[in-house]
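1. give me a 3D structure for the following:
(one chain, ligands or ions: 1)
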Amino acid sequence: MHRNFLKTDQLTVAFGGIVALSNVTLSIAEGRTTAILGPNGAGKTTLFNAIAGAVRPTGGRVFFQGADITKASPSRRCHSGIARTFQITQPFSGLSVRENVMVPLAAGGMSMKQAREEASTYIDFVGLNAKAEDPARVLSTGQRKRLELARALSTHPKLLLLDEVTGGVDRPSIPELLNVIRRLREERNITIVVVEHNMEVLLGLADDAFFLNRGEVIVEGSIAEVADHETVRRIYLGDADAAA
Ligand SMILES: Nc1ncnc2c1ncn2[C@@H]1O[C@H](COP(=O)(O)OP(=O)(O)OP(=O)(O)O)[C@@H](O)[C@H]1O
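-> You can find the predicted model right below:
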């Protein structure tokens, strides 16, 4: 197992006067699921953006599998095995589920026949077979999240960044979605990093955790340790006992 599968070293991102991330140094271990926690505005999405290459850091470095990728383009990072999903899902709403998964494959140079076959594998993996010919706009939020996972799978990721995994998903659909995420790791050996607000979900999904506040990592450890940490309970959960 690579302990520093993904590593940020003193990573800083500023937007004008707003410092969204400040000297963030963290390591994500290969084959594990790591949670990024923190209140609104803590810098979680900015961290994902800096890892995926969507924002340029003001300072510090990002390493993936030992290579310095700080200056790599988003597409080079994607080719090297980093994929992400978004807080707000962005499918092509008029295209079918199958076509949505085929688009990135065909754009990568695959024949339509091959793209169709490969798309079927991913649609099957996320359990959307019954919806494959439906337009993406009719999907529920949970189904859209699974479509996003199928699209992410088409890039053959080694590291998958999942933003707000269960955000907006109705409660009964959550276990099925989490099951797909667990299988990504178990059956496809994908290292997962999740931003998620639901602590109950995280306790059942994540191994490790980093708690961000105002752009800084202030607590790290196992998910159980972080969830139980006094500072985390006070800031994040508004725990009256911890605040006292
Ligand atoms: N493109 C941008 N331009 C200016 N400020 C930004 C930009 N992106 C993020 N910020 C600011 O950086 C800080 C961190 O934002 P970020 O979205 O990373 O936090 P977050 O932890 O993901 O929050 P949330 O849980 O609400 O999604 C916030 O103060 C935010 O307003």
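
2. and the pLDDT for the closest residue to P74 other than its chain neighbours?
-> What sits nearest to P74 in space, not counting adjacent residues and going by CB to CB, 6 or more residues apart in numbering, is G53, at 3.8 Å. Backbone N, C-alpha and C define where each C-beta goes, glycine included. pLDDT for G53: 95.

3. wait, is L47 part of a helix?
-> Yes. L47 forms part of a helix when assessed by DSSP: H, G, I helix; E, B strand; the rest coil.

4. that one against S22, yeah?
-> No. Using CB atoms under 8 Å as the test, L47 is too far from S22 to be in contact (11.2 Å).

5. more neighbours, the two?
-> The neighbour count for L47 versus S22, taken as other CB atoms under 10 Å, is higher for L47 (28 against 19).

6. tell me which residues touch R98, please.
-> R116, A119, S120, I123, A132, E133 (CB atoms under 8 Å, 6 or more residues apart in numbering).

7. ditto for A42
-> L212, N213, R214, G215.

8. then A72?
-> With contacts defined as CB under 8 Å, 6+ apart, the neighbours of A72 are G53, S80.

9. can you pull the pLDDT of I36?
-> Value listed for I36 in the pLDDT field: 97.

10. returning to what we had before: tell me how far the residue nearest to P74 lies from T12.
-> Using CB to CB, to the nearest Å, G53 is found at 16 Å from T12.

11. show me where the protein has its helices.
-> Under the criterion DSSP state H, the chain contains helices at 44-52, 74-80, 97-107, 112-125, 141-153, 174-188, 199-205, 223-228, 230-235, 240-243.

12. turn those into a markdown table, including distance to G60.
-> Output for the helices of the chain, formatted as a markdown table (distance: least, CB to CB, whole Å):
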| stretch | distance to G60 |
| --- | --- |
| helix 44-52 | 9 |
| helix 74-80 | 16 |
| helix 97-107 | 30 |
| helix 112-125 | 34 |
| helix 141-153 | 26 |
| helix 174-188 | 28 |
| helix 199-205 | 26 |
| helix 223-228 | 22 |
| helix 230-235 | 23 |
| helix 240-243 | 31 |
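
13. between these, which gets the lowest average pLDDT?
-> Taking the mean pLDDT of the helices of the chain, helix 240-243 comes last: a mean of 56.

14. next, count neighbours for P172.
-> 8.

15. one more: N23?
-> With other CB under 10 Å as criterion, N23 counts 15.

16. so the residue lying closest to it once chain neighbours are set aside versus E30, what's the distance?
-> Excluding its sequence neighbours, the residue lying closest to N23 (CB to CB, 6+ apart) is Q10, at 4.8 Å. Taking CB to CB as the measure, Q10 and E30 are separated by 22 Å.
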